[in-house]
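Student: the following block contains a protein sequence and its predicted model.
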Amino acid sequence: MIHRIYHRVLLCLFLASPAAAETCDIDLAAIQARIADLDPRYGTVLSDIRCDAPTIPAHQLLCLSAETAGDGLWQMARLDTLAWVYAYENATGSAVDLATPPMDNGFIATRDACTDVDCLCAVLMDHTNGSLGGTSPYGQ
């Protein structure tokens, strides 16, 4: 119960912020299509973010996005996770354990340092572009 109230309070604060009104300028359908392309192989890869009680501002924003219809920030993060594992396998030429894939710790530190939506958008777009190149749904 307290967890739900905590999320609702954060959601109200999030929705009241100017950054929330301008969630990333993205083509959500293109992101969803790219996720669908990667999902057959990488669908079991989980996010490194746990939303049961997020304490890091970047995680709070992403977790709230997962609960907000039409907000594509969580889906951007989902695509980025799948894209990273895809790129890692392509770069190394070997399959990884999808239950515990290697993560890009440098990227995670950069992402987790974000305190607003604009930062998260920029970091996620840049990392996804690096992983997917010309097949990324974001402009290069």
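Tutor: Structure's in. What do you need?
Student: where exactly do the helices run in the protein?
Tutor: 2-16, 18-21, 28-42, 57-66, 73-92, 105-112, 117-132 (DSSP state H).
Student: adding mean pLDDT, write these out as TSV.
Tutor: Formatted as TSV, the helices of the chain follow (pLDDT from 0 to 100):
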stretch	mean pLDDT
helix 2-16	42
helix 18-21	36
helix 28-42	96
helix 57-66	95
helix 73-92	96
helix 105-112	98
helix 117-132	96
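Student: so which of the ones you listed gets nearest residue 49?
Tutor: Of all the helices of the chain, helix 57-66 sits nearest to residue 49, with 5.1 Å by CB to CB. C-beta here means a position set from N, CA and C on the backbone, and glycine is covered the same way.
Student: what comes up buried for that closest one?
Tutor: For helix 57-66, the neighbour count (16 or more other CB atoms under 10 Å) marks 57, 58, 59, 60, 61, 62, 63, 64, 65 as buried.
Student: ok, the third one touching residue 113?
Tutor: Translated: residue 59. No - if you go by CB atoms under 8 Å, residue 59 and residue 113 don't touch, sitting 11.6 Å apart.
Student: hmm, residue 26 is touching residue 76, no?
Tutor: Yes - counting by CB under 8 Å, residue 26 touches residue 76, with 6.7 Å between them.
Student: for the residue nearest to the spatial centre of the chain, give its distance to residue 93.
Tutor: For the chain, residue 77 is the residue whose C-alpha lies nearest the centre (CA atoms, centre = their mean; 1.0 Å). Separation of residue 77 from residue 93 (CB to CB, to the nearest Å) stands at 26 Å.
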